[in-house]
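Participant: how would this look folded up:
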Amino acid sequence: MASHTPASKDVPAPGWLRWLPGLAALRSYQATWLPKDLAAGLVLTTMLVPVGIAYAEASGVPGVYGLYATIIPLLAYALFGPSRILVLGPDSALAAPILAVVLSVSEGDPMRAVAAASLMALVAGLFCIVMGLLRLGFITELLSKPIRYGYMNGIALTVLVSQLPKLFAISIEDAGPLRELMQLGQAVYQGQTNWYSFAVGAATLAVILLLKRFERVPGILIAVILATLAVSLWHLDSLGVKVLGEIPQGLPKFALPWLSNADLVKIALGGCAVALIAFADTSVLSRTYAARTKTRVDPNQEMVGLGVANLAAGFFQGFPISSSASRTPVAEAAGSRTQLTGVVGAVAVAGLLVAAPSLLRYLPNSALAAVVIAAAIGLFEFKDLRRIYRIQQWEFWLSMACFAGVAVFGAIPGICLAVVLAVIEFLWDGWRPHYAVLGRVPNLRGYHDLKRYPNASLIDGLVLFRWDAPLFFANAELFQQRLMEAVDASPTPVRRVVVAAEPVTSVDVTSADMLRELSRSLAQRGAALHFAEMKDPVRDKLKRFELTEIFGDDRFHPTVGSAVDSYSDALPGVAALRMAPGPSAGSRPMR
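Facilitator: Numbering: from 1, shown residues only. The predicted structure follows:
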């Protein structure tokens, strides 16, 4: 594994230069790094070419545009990206959502497909840049791990199934993963398979998977070269094996993509969807390598860097791109020190397009499909899902629901389903949170849940109630209901209710109005509502919601113990009746 000098020791860039980390990195660049960056860039090129072409085909655009989407974004990210080792380019995780949009708006025209994909890249780029400038880089963390697993497993299945027809050299209609599998099965049964194409693709896949364990061996390059030589030497293209053919000579050109009579809303939604996927992958990968190299990466700058790279792809005939979990390790293993590695790779790919585009003429489509299938296999996550099933089954089934949504309805609806499930999961946790009535336990400090400690003692006329969630519109009524149930269940008439409010991190208008009504209801019963351990920001909100006339300073206590002491001081004869023996009431509560 290559060693790295921590970039965090660099002097922070002043002013607007902080948005150009590439320029800032040049100030501390060491001459001894240059040979390693050059060598790593050339090694990286061996993967950039076949993978770029393969993912372009998987995304529904001609293969050469995968090289266009490799060259310009690498150069843009080298200037605007904060990670010194991350490699960007076409990615298997984006192939399915890009393909879903491209097929629906291109009408079978390759140029419309390119325009649609480029528009998606522009949308994705603008989305990422705006989110980064607004410092919203944390938004991708809102999807829980089980939901991410379910979505990525669904994407992996979608990508894999989309490539199987190319492996068998069979044409089928795009109808979703499950229906495509049925169509493929019928076509194979009817004898439509070109077994020469299948043999080339299967052999390519086998070589890639066999060599995958050797980190320093360019397995993809070796497999693709062997497949290309086989087609060329044995003239397999004359036997029905489809090949890439001639690709245009020259570099990508600046172009403003546009589509007439197209569903622009679908393109915009698709662009935002791939932006979220790309940034989720990029942020995880960026943090991983930042930890390895002992550097710090700003997630908001990461989002800006990714956005600029996608904008560059969109303006230069590319399509949405992301970080690569397969090419980045290759660059690192080859000794990469900085983003100069990516620049060298981009220049080398450009040199190939200018000087020797015919080298790729006999590259078989089934071999490209094998490259994508190998990447899709790597996207599946099973091991950690087994652990989640063992420790929390409902989250496992949440993951399965997300997986089924992607597999049945496709990538874009699957993304929407993933977001909806994430929101439902978040609301459910806050909607039906844990709560407890607290009592004193002999020989145990603090106040504890009566359900866990049935031998805990209550204090006459006092209810200690803990609510383990923020108070907001969805759970305000339930809070009131549960607290009144605790009051009704008290063995003695209640004179005071103390809410242990440390877990309450927020209140909203709905819950504030509920507290006003609750205080009034308790007052009619001769009881007062108090709070203990409420955080200052939450208390400030209560003041802003005009509750100070109801809850004066005497209603707030720094600890549960001090709230009990206050009650004891007010009614000493009553409060001591059912106190359990043990530490003083003012002890710091335990949870």
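Participant: what's the helix or strand hosting Ser399 in contact with?
Facilitator: Using DSSP states H and E, Ser399 falls within helix 393-409. Contacts to helix 393-409, defined as CB atoms under 8 Å, 6 or more residues apart in numbering, come from residues 144, 146-147, 149-151, 153-155, 157-158, 176-178, 385, 388-389, 413-414, 417-418, 421, 425. Yep, even glycine has a C-beta here, placed from its N, CA and C like the rest.
Participant: Pull the distance from that helix to the chain's centre.
Facilitator: Here helix 393-409 is found 16 Å from its chain centre; the criterion is CA atoms, centre = their mean, to the nearest Å.
Participant: tell me the mean pLDDT over it?
Facilitator: Across helix 393-409, pLDDT averages out at 86.
Participant: Flag every buried residue along it.
Facilitator: Of the residues in helix 393-409, Glu395, Phe396, Leu398, Ser399, Met400, Cys402, Phe403, Ala404, Gly405, Val406, Ala407, Phe409 count as buried by neighbour count, 16 or more other CB atoms under 10 Å.
Participant: repeat for stretch 220-229
Facilitator: Ile220, Leu221, Ile222, Ala223, Val224, Ile225, Ala227, Thr228.
Participant: Where do the helices of the stretch 51-200 of the chain begin and end?
Facilitator: Counting by DSSP state H, counting those that start in this stretch, residue ranges of the helices within the stretch 51-200 of the chain are 64-80, 92-106, 110-133, 145-168, 177-189, 195-211.
Participant: Please disregard the earlier target; I meant the stretch 351-500 of the chain.
Facilitator: Using DSSP H, counting those that start in this stretch, helices in the stretch 351-500 of the chain cover 365-379, 383-391, 393-409, 411-431, 476-489.
Participant: so how far is the first one off the chain centroid?
Facilitator: Averaged C-alpha coordinates place helix 365-379 at 22 Å from its chain's average position (CA atoms, centre = their mean).
Participant: Mind exporting the C-alpha coordinates of it to CSV?
Facilitator: Provided in CSV are the C-alpha atoms of helix 365-379 (Å, rounded to 0.1, in the frame of the first residue of the first chain):
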residue,chain,number,x,y,z
ASN,A,365,-19.5,-5.9,-26.6
SER,A,366,-19.9,-9.1,-24.6
ALA,A,367,-16.5,-8.4,-23.0
LEU,A,368,-17.6,-4.8,-22.1
ALA,A,369,-20.8,-6.4,-20.6
ALA,A,370,-18.5,-8.7,-18.5
VAL,A,371,-16.6,-5.7,-17.1
VAL,A,372,-19.9,-4.1,-16.0
ILE,A,373,-21.2,-7.4,-14.6
ALA,A,374,-18.0,-7.8,-12.6
ALA,A,375,-18.5,-4.3,-11.2
ALA,A,376,-22.2,-5.0,-10.4
ILE,A,377,-21.2,-8.2,-8.5
GLY,A,378,-19.0,-6.1,-6.3
LEU,A,379,-21.9,-3.8,-5.4
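Participant: I'd like to check the angle between it and helix 195-211, please.
Facilitator: For helix 365-379 against helix 195-211, the angle between stretch directions is 40 degrees (axes from the mean of the first three to the mean of the last three CA atoms, to 10 degrees).
Participant: ok so, going back, is it possible to get JSON lines of the helices of the stretch 51-200 of the chain that adds mean neighbour count and distance to Phe316?
Facilitator: JSON lines is the format used below for these (neighbours: other CB atoms under 10 Å; distance: least, CB to CB, whole Å):
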{"stretch": "helix 64-80", "mean neighbour count": "27", "distance to Phe316": "4"}
{"stretch": "helix 92-106", "mean neighbour count": "25", "distance to Phe316": "16"}
{"stretch": "helix 110-133", "mean neighbour count": "24", "distance to Phe316": "8"}
{"stretch": "helix 145-168", "mean neighbour count": "24", "distance to Phe316": "25"}
{"stretch": "helix 177-189", "mean neighbour count": "15", "distance to Phe316": "32"}
{"stretch": "helix 195-211", "mean neighbour count": "20", "distance to Phe316": "29"}
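Participant: what's the closest of those to Gln524?
Facilitator: helix 145-168 (45.2 Å; CB to CB).
Participant: sorry, back to before: of the buried residues of stretch 220-229, which belong to helices?
Facilitator: Using DSSP state H, Ile220, Leu221, Ile222, Ala223, Val224, Ile225, Ala227, Thr228 are the members of these that sit in helices.
Participant: one step back: which among the buried residues of helix 393-409 gets closest to Ala273?
Facilitator: Using CB to CB, Val406 comes nearest to Ala273 of the buried residues of helix 393-409, at 11.5 Å.
Participant: Name the nearest of the buried residues of stretch 220-229 relative to Arg516.
Facilitator: When these are ranked by distance to Arg516 (CB to CB), Ile220 comes first, at 65.5 Å.
Participant: May I see the helices of the stretch 51-200 of the chain organised as JSON lines, with distance to Ala312 and mean pLDDT added?
Facilitator: Formatted as JSON lines, the helices of the stretch 51-200 of the chain follow (distance: least, CB to CB, whole Å; pLDDT from 0 to 100):
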{"stretch": "helix 64-80", "distance to Ala312": "4", "mean pLDDT": "94"}
{"stretch": "helix 92-106", "distance to Ala312": "16", "mean pLDDT": "89"}
{"stretch": "helix 110-133", "distance to Ala312": "8", "mean pLDDT": "94"}
{"stretch": "helix 145-168", "distance to Ala312": "24", "mean pLDDT": "84"}
{"stretch": "helix 177-189", "distance to Ala312": "32", "mean pLDDT": "85"}
{"stretch": "helix 195-211", "distance to Ala312": "29", "mean pLDDT": "93"}
